[in-house]
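1. would you be able to build a 3D model of this:
(chains A and B)
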Amino acid sequence: GAVVSQHPSWVICKSGTSVKIECRSLDFQATTMFWYRQFPKQSLMLMATSNEGSKATYEQGVEKDKFLINHASLTLSTLTVTSAHPEDSSFYICSAWDINTGELFFGEGSRLTVL
Amino acid sequence: AQSVAQPEDQVNVAEGNPLTVKCTYSVSGNPYLFWYVQYPNRGLQFLLKYITGDNLVKGSYGFEAEFNKSQTSFHLKKPSALVSDSALYFCAVRDWANNLFFGTGTRLTVIP
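-> Down below sits the predicted model:
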């Protein structure tokens, strides 16, 4: 089946640094990818919709300059947490639409810890 | 606006017993409904979906869900629970723009 890969799965960084998380669709093309944030014991919050070759669409309350999203190819979207702070510590999950099957596949998630 | 409600934060069931995880939805138009499972520190895994057709949908790992239009429900069920079924379960509804909206999740604990 289709696979979505996220990297890194774990990252620890110092406050003030930037962290990039990659989301790749391994065996299908994804014109649209989604980024979610999950707080402990809470549901997934949609952060933004990433469209290949165009700007991402951010959900209300999500800082565009804080969470930079780039969807440069049909198989790769990146989320960069800029000038990370401890409150940005969270579990980030991406998902990607397989345009051929209409199925949505999720990555394994990336846990960010900002010290 | 689309929304999903999972009224139970926690469901405990003895191994071998049937389990039900509840979900109700609110949607304009035809509902596209999904169930996902999440294991600790992992992404979501697709279990099953309802788009159209039979109200009883069968999915992965022996799970099934029953779509009930009159009650706007899509409860997840399994005839005989396994300890390995212990996880966090999310119900979701898809809107016209292909965005998924998730419920708050239900933590299932299967007791040996």
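
2. ok, B:Ala92 - contacts?
-> B:Val4, B:Leu33, B:Phe34, B:Trp35, B:Tyr36, B:Leu100, B:Phe101, B:Phe102, B:Gly103 (C-beta atoms under 8 Å, 6 or more residues apart in numbering or on different chains). The C-beta positions use only the backbone N, C-alpha and C, and glycine is treated the same way.

3. 10 Å instead, please
-> A:43-44, A:104, B:2, B:4, B:23, B:25, B:32-36, B:44, B:46, B:49, B:74, B:99-103 (C-beta atoms under 10 Å, 6 or more residues apart in numbering or on different chains).

4. which residues touch residue 39?
-> Going with chain A. A:Phe39 neighbours (C-beta under 10 Å, 6+ apart): A:Met45, A:Ser89, A:Ser90, A:Phe91.

5. let's do chain B instead
-> Per C-beta under 10 Å, 6+ apart, neighbours of B:Tyr39: A:Glu108, B:Gln45, B:Ser84, B:Ser86, B:Ala87, B:Leu88.

6. cool, and A:Glu52?
-> So A:Glu52 contacts A:Gln29, A:Ala30, A:Thr31, A:Thr32, A:Met33, A:His71, A:Ala72, A:Ser73, A:Leu74, A:Thr75, A:Leu76, A:Ser77 (C-beta under 10 Å, 6+ apart).

7. okay, these in CSV with secondary structure, pLDDT and neighbour count next?
-> Formatted as CSV, the contacts of A:Glu52 follow (DSSP: H, G, I helix; E, B strand; the rest coil; pLDDT from 0 to 100; neighbours: other C-beta atoms under 10 Å in any protein chain shown):
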residue, secondary structure, pLDDT, neighbour count
A:Gln29, coil, 88, 14
A:Ala30, coil, 88, 28
A:Thr31, coil, 85, 15
A:Thr32, strand, 88, 19
A:Met33, strand, 91, 30
A:His71, strand, 90, 24
A:Ala72, strand, 84, 10
A:Ser73, strand, 89, 13
A:Leu74, coil, 89, 16
A:Thr75, coil, 92, 19
A:Leu76, strand, 94, 18
A:Ser77, strand, 94, 31
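
8. what subset of those is also close to chain B?
-> Residues of the contacts of A:Glu52 in contact with chain B (C-beta under 10 Å from any C-beta of the partner chain): A:Thr32.

9. what is the nearest of the contacts of A:Glu52 to chain B?
-> Each of the contacts of A:Glu52 was checked against chain B using C-beta to the nearest C-beta; the closest is A:Thr32, at 6.9 Å.
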